[in-house]
Every structure is written in structure tokens, then in C-alpha cells.
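Trainee: Fold the following and give me the result.
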Amino acid sequence: MITTASLRGRAALMVGHCAGMVDLVALPIWVGTLISFYRFDPQQAGLLATLFLAGAVGASLFLAPIFHLLVGRWVASIGFGLAALGFAVASTTTGFGMLAVLHIVAGVAAGAALSVTHGTIASSANPHRLFAVVGIALGVFGIVFMAAATHLVATRGGATLFQIFAVVMVAGAAFALLGFPDKDKGTLAAQEKASASRLPRAVWWGAAGVACMGLVQSMMFSFLERVGSDRGFTAQAVTAVLIALGFVNLVPAALAAWLEKRWSVRSVLLVGPLAQAVLVLVIVNGTSFAPYAAAASVFAAVMIFTHTFAFGALAQLDPSGRALSATPAMLMIGAALGPIVGGTLVKQFGYESLGIAALVVDALAIYAFTKIPKASETKNFIGATV
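Mentor: Predicted coordinates:
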């Protein structure tokens, strides 16, 4: 039996998290490639990324209520395998319509795999800490991806990006098939019992807050590379910022694990969206390289750090694992809107409009997070359902 505490089990979850969350690393290159190599406008490029994320949302919403019935190994391995096939085919075409269909297919498949991955993490003995571990893995993956993808796409063309995505998904499928952890009997029994009850109201508010932050994250992240390029910064300088972002992303998950018992979850959840909005304002309004580089390099780290605390809080509120198997939906229902909303705003009003949108959406995130109780009140809130 492979458990979440075993090396094989954790390796499968780490690779699965990296493959399923590839958008959190790749969006700037993804949208930038669609604009520069495929000659789509910002709205079209954003729409393609949105279709992938929307597919993931749909799969997650469908599977989350029945998570306790699923065999994670098969869902993850088949899901990542189909996503790999979708991206491999995408690398052979340049037509918008075909790319749109393939983005949806890949999104649904990867979203299904990621849903069982996150649900399994939520079922572990310490979801906060294990989510931090897979977050560190995502940081390492981000460094390798940014360094390799930017060079390969620049020298070999836009189709190379989809080939890289296919390889990443193949890795996710292989690791899932060989090492995806089983549910232990105690966890399975507890989930089946908890799944009969309704979710606490606070869980829905937490999901809304995460979705709002996901919207701002993808809205800005999709155009991070384009902002730098259109501000006149050199390609080498912008690439250096993206690689630095990957190194910075090694820190937040590990820091969140260390601070789990030291910092108030509520405080982190209220400050995180504010910090995110401020960084967006700096990125889109700065005209010199230093402020852009500083804000851009830590931008994704804020989301990773805040979401690790949110993941742990929601795991306490919902022991069934249903809510956190819907983590892809929480993140991507906002993230799915981000590229198309960001692309539309940029096309109509310029990059500065992203800052105003970030202020509004992150204000909504803060309001939603105020509905999550303090740790001392959690037991009382578990009984407050919808």
C-alpha cells in the first residue's frame, strides 16, 4: 500500500501538482507565445488560456462531490495521459479553432487529474504541510521550466511550448501510475461519513476568496512578460525576471510550512490579497525596470503563500476532502477568467486597467476571507452549513 507519507506517494503528488498547476508557472510564456509566434491578439491569446482553465474547472466541479468514490491512481494517470495527447496534437496546428478545442480537452483531462491529487493531499495527516511540500516542488519546477522553455521557444518556435507541456503531462501520468498514494481505511471511512453532511458556509466563502485571488493572479501573470516587453525592456532582462520569479517561488511554500503554527491564518488571508493588489499596481504603472522587476519577481509568491494557509484552513473545516478536491475549481474558476478578462482590458484600456481591476477583485477576496473563522472558532463553524 502506498501512502501519502511514503516517498513514492509524495513524489507522485509533487509531480502531479506541478503538471496540473502548470499554468501558475507558464502563463506569461503561454500567452506571450500565442501573441508573438501565433499572431493572435491579446484577447484571443487570453481566450485560449481561459479555455484550458475552464476545462479544468468543469472537471474539478464534476469530480469533487464524488471524490471519496474515486480511485486516484487511475483518474490521475489517465487524466494526465489525455492532457499529454491534447498538447501533442496542439503542437501540430496553428488554427485558432482547433487550438481552442484542444485547450478545452487538455484542461478537462488535467483538471480531473489535479482534482484527485489535491483531494488526496487534503486527506493526509497534515494537509497544510503536505501542500507546502508540493508547493516547494512547484517552485523548483518553475525554475527549470522558465529557464528551458524561454530558450527553447525562442530558438525552435511556438509549437515547442506545447511539446514541453506534453512532456510534463507524460511525467505526471507516469508518476501517478507508479506511485499515486492509496487512501487508508481510516481516512476513507471518515470521508464517507463527512460526505453525508453539507459543507460549512465558511468553506464556500474561502473558496470565493481563493477564486478572486486566482483571477487577479492569472489576469496579471498572463501579461507579465508582455508588460516588460512593451515597456521597452530587453528580452534578456524580462527572461531574467521570470527566472528570478521561479527562484523566489521556492520560498513561500516552505515559509508557509514553517509559519503554520506561528502566524494567524486569518491575518495571512486578509493581508495576502492586499499585497497582491499593490504588486499589480507597481507592475503596470512603473516605467523603469527596477520596480517592475522587484514586483514581478515576488508576484506569484504571494498567491502561493496565501493559498497554502487557505488550503490548511479549509481542510480543517471540511474533513470529507470534497472542498479541497475542488481546489482546481477554486483557483481556476478565477484563473480561467483572468486571461480573457485581462486580454480584453489590455486591448481596450491598456495595462494600467489591470491595476484598477486588481483593487476591486482583491477587495472582494478580503471580504470573503473575513468569513473564515479564527482557529479557536473553527469547531463552531463546522456546524454552520448551507
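
Trainee: Work out for me the element Val210 sits within.
Mentor: Using DSSP states H and E, Val210 falls within helix 201-221.

Trainee: quick one: buried residues of that helix?
Mentor: 202-203, 205-221 (16 or more other Cβ atoms under 10 Å). For every residue, glycine as well, the C-beta is placed using N, CA and C.

Trainee: can you check stretch 349-367 too?
Mentor: Buried, per 16+ other Cβ under 10 Å, within stretch 349-367: 351, 353-355, 357-359, 361-362, 364-366.

Trainee: I'd like these as TSV, with secondary structure and distance to Arg156 appended.
Mentor: Formatted as TSV, the buried residues of stretch 349-367 follow (DSSP: H, G, I helix; E, B strand; the rest coil; distance: Cβ to Cβ, whole Å):
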residue	secondary structure	distance to Arg156
Tyr351	coil	29
Ser353	helix	34
Leu354	helix	30
Gly355	helix	35
Ala357	helix	35
Ala358	helix	34
Leu359	helix	39
Val361	helix	36
Asp362	helix	38
Leu364	helix	41
Ala365	helix	39
Ile366	helix	43
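
Trainee: Out of these, flag the one nearest to Gly20.
Mentor: Ala365 (22.3 Å; Cβ to Cβ).

Trainee: From Leu138, how far off is the closest one?
Mentor: Ala365 is 21 Å from Leu138, where distance means Cβ to Cβ, to the nearest Å.

Trainee: Val268 now?
Mentor: 19 Å.

Trainee: What's the end-to-end length of stretch 36-44?
Mentor: 12 Å (Cα to Cα, to the nearest Å).

Trainee: State the mean pLDDT of it.
Mentor: Summarised as a single mean, pLDDT over stretch 36-44 is 89.

Trainee: Which one's more surrounded, Val268 and Leu138?
Mentor: Leu138 (26 against 19; other Cβ atoms under 10 Å).

Trainee: What sits closest to the more buried one if chain neighbours are left out?
Mentor: Cys18 (5.3 Å; Cβ to Cβ, 6 or more residues apart in numbering).

Trainee: wait, isn't that neighbour in contact with Gly172?
Mentor: Yes - between Cys18 and Gly172 a contact is recorded at 7.4 Å, counting by Cβ atoms under 8 Å.

Trainee: The two - which one has more neighbours?
Mentor: Of the pair Cys18 and Gly172, Gly172 is the one with more neighbours under other Cβ under 10 Å, namely 29 against 26.

Trainee: picking up where we left off before, elements contacting the helix holding Val210?
Mentor: helix 22-36, helix 265-285, helix 289-317, helix 322-325, helix 327-349, helix 352-369 (3 or more Cβ pairs under 8 Å, 6 or more residues apart in numbering; DSSP states H and E).

Trainee: residue contacts, the residue nearest to Leu138?
Mentor: 25, 134, 137-138, 141, 168, 172 (Cβ atoms under 8 Å, 6 or more residues apart in numbering).

Trainee: got it, and Val241?
Mentor: 228, 292-293, 296-297.

Trainee: Give me the distance between it and Phe165.
Mentor: 22 Å.

Trainee: How about Leu250?
Mentor: Taken as Cβ to Cβ, the span from Leu250 to Phe165 is 22 Å.

Trainee: In terms of packing, which of those two has more residues around it?
Mentor: Remark: of Leu250 and Phe165, Phe165 carries more neighbours, 27 against 19, as counted by other Cβ under 10 Å.

Trainee: so what's Phe233 closest to, chain neighbours aside?
Mentor: Nearest to Phe233 is Phe289, by Cβ to Cβ, 6+ apart, at 5.5 Å.

Trainee: Enumerate every residue touching the one you found.
Mentor: By Cβ under 8 Å, 6+ apart, the neighbours of Phe289 are 231, 233, 237.

Trainee: tell me the contacts of Tyr292?
Mentor: 227-228, 231, 233, 241, 282-283, 286.
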